[in-house]
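**Student:** Let's see this in three dimensions:
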Amino acid sequence: MRLHCEVEVVSRHLPALGMRNRGKGVRAVLSLCQQPRSRAGGEPGDRPRACLLISTLKDKRGTRYEQLKENIEQFFTKFVDEGKATVRLKEPPVDICLSKANSSSLKQFLSTVRLAHRGCEVNAQLSTLTPVKTSEFEKFKTKMVITSKKDYPLSKNFPYSLEHLQTSYCGLVRVDMRMLCLKNLRKLDLSHNRIKTLPATIGDLIHLQELNLNDNHLESFSVDLCQSTLQKSLRSLDLSKNKIKALPVQFCQLRELTDLKLDDNELIQFPFKIGQLTNLRFLSAARNKLPFLPSEFKNLSLEYLDLFGNTFEQPKVLPVIKLQVPLTLLESSARTILCTRIPYGSHIIPFHLCQDLDTAKTCVCGNFCLRSFIQGTTTMNLHAVAHTVVLVDNMGGTEAPIISYFCSLACYVNSSDMLK
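**Tutor:** A predicted model of the protein is given here:
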């Protein structure tokens, strides 16, 4: 039985000697092997002993720990679902720290080691005690860059340990499902292909931090992706040079985003809750069809902003009035739920009501409004939200129209100077 992972062997004598371990694992192959009878000792009818062999690319013959039976002091498996575990041996007094392993393979390997420790029969699962081949370490590649169709692997899988995968100019029309099995993936570059849709299972890549989809044929970014584990992991997203007209309001749940590129699409609006992207620092949406910015755009705090080449309209003189007097029961209830932050979900109230609450507008006073509001347009200097601003037009302007909402006539009157 073999396990591919990173290994660090830490001697427990080091602290007593005033020394510290390196704190970094190396790529290795762990083999649970059967010792030769000449080394295992005992009578001919005795059961062969299991030993643990740790082989690296520099030492393919490996380091052998010959005694496993009743020689394991403790297993540390709190993070086994993340591919991490530690096996503490009694003699020699070392901790064998494992990381970046396939979680299911790691669980199976530890289960077999535990049986060997108890002296149970594990012969059927033991490997031969032979040096590991160099080809075994090909599975440890962390980065793969493919930039032509002829180099794209068709007959073999991607190395499971990949953390950075780039497949550009390969003519892909869909995301290869084999990529979605790469659970260690942190950067996925699918730029310069012909991909039209994204599978929701991209959201299962729990460590994915950078996703590059530049120059494809995408027309949308699905709600499922916005509500996946990408909410906690995704830092950089490049959707430039596609055919996207709008992003769902749920897009603003990707709150770890720091870098967002939307250049050269067909955007007619930003998600109106874009102000919830509090970690966003770099935003580029040049050469789209944006007529105005949403009111919550004012809540952003950017280092770099590029909105050049959009079809910004002149602010309208007259506001759009959609006030309802008195407020409907739906409007009044929605405002109460949102203002008091009462939790809601489709398991509590009907789904269409959840959608209404998710798309509620924010008044300049901080309250919320659903269908009863006044809508006004003014301009804002983009330097108010960004340190560096690319000029909006060829005339040297840095101002853009912005939509504002007012939950009542009083709010509109009190803020009327904003709309002059």
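**Student:** can you tell me the distance between the two ends of stretch 145-161?
**Tutor:** The straight-line separation of the ends of stretch 145-161 (Cα to Cα, to the nearest Å) is 14 Å.
**Student:** Now do the buried residues in that stretch.
**Tutor:** Neighbour-count burial for stretch 145-161 flags 146, 158, 159, 160, 161 (criterion: 16 or more other Cβ atoms under 10 Å). Where C-beta positions appear, they are placed from N, C-alpha and C, glycine not excepted.
**Student:** Save these as TSV, and put in pLDDT too.
**Tutor:** TSV is the format used below for the buried residues of stretch 145-161 (pLDDT from 0 to 100):
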residue	pLDDT
146	94
158	87
159	84
160	81
161	80
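**Student:** so how many other residues sit close to residue 314?
**Tutor:** 10 (other Cβ atoms under 10 Å).
**Student:** Now it: closest residue in space that isn't a chain neighbour?
**Tutor:** By the measure of Cβ to Cβ, 6 or more residues apart in numbering, the closest residue to residue 314 outside its immediate chain neighbours is residue 401, 7.0 Å from it.
**Student:** Can you pull the phi/psi pair for the one you found?
**Tutor:** phi -70, psi 150 (degrees, to the nearest 10).
**Student:** quick thing: my sequence starts at 53, can you match it?
**Tutor:** Right, with 53 as the first residue, what we last looked at is residue 453.
**Student:** What residues does it make contact with?
**Tutor:** 343, 344, 345, 364, 365, 366, 367, 429, 430, 431 (Cβ atoms under 8 Å, 6 or more residues apart in numbering).
**Student:** where does it land on pLDDT?
**Tutor:** At residue 453, the pLDDT value in this model is 92.
**Student:** Now, the contacts of residue 453 that are in helices?
**Tutor:** Among the contacts of residue 453, no residue falls in helices (DSSP state H).
**Student:** which one among those residues gets closest to residue 357?
**Tutor:** Set against residue 357, the nearest of the contacts of residue 453 by Cβ to Cβ is residue 345 (10.6 Å).
**Student:** Show the pLDDT at that closest one.
**Tutor:** Listed pLDDT for residue 345 reads 94.
**Student:** now swap in residue 355 and tell me
**Tutor:** Value for residue 355, per-residue pLDDT: 96.
**Student:** try residue 146
**Tutor:** 89.
**Student:** Next one: it from residue 129, what distance?
**Tutor:** 18 Å (Cβ to Cβ, to the nearest Å).
**Student:** neighbour count winner among those two?
**Tutor:** For residue 146 versus residue 129, neighbours defined as other Cβ under 10 Å are more numerous around residue 146 (18 against 15).
**Student:** Domain map for this structure?
**Tutor:** With domains defined by automatic domain parsing, the chain comprises 53-62+122-181, 192-368+439-445.
**Student:** Quick one: low-confidence residue ranges for the stretch 53-202 of the chain.
**Tutor:** The model of the stretch 53-202 of the chain has pLDDT under 70 over residues 67-75, 88-100, 175-177, 179-180, 186-191.
**Student:** So which residues of it form helices?
**Tutor:** In the stretch 53-202 of the chain, the segments counted as helices under DSSP state H, counting those that start in this stretch are 89-92, 155-170.
**Student:** Show me the shaky parts of the stretch 353-472 of the chain.
**Tutor:** 468-472.
**Student:** mind listing the helices for it?
**Tutor:** Going by DSSP H, counting those that start in this stretch, the stretch 353-472 of the chain shows helices at 381-391, 403-410, 461-466.
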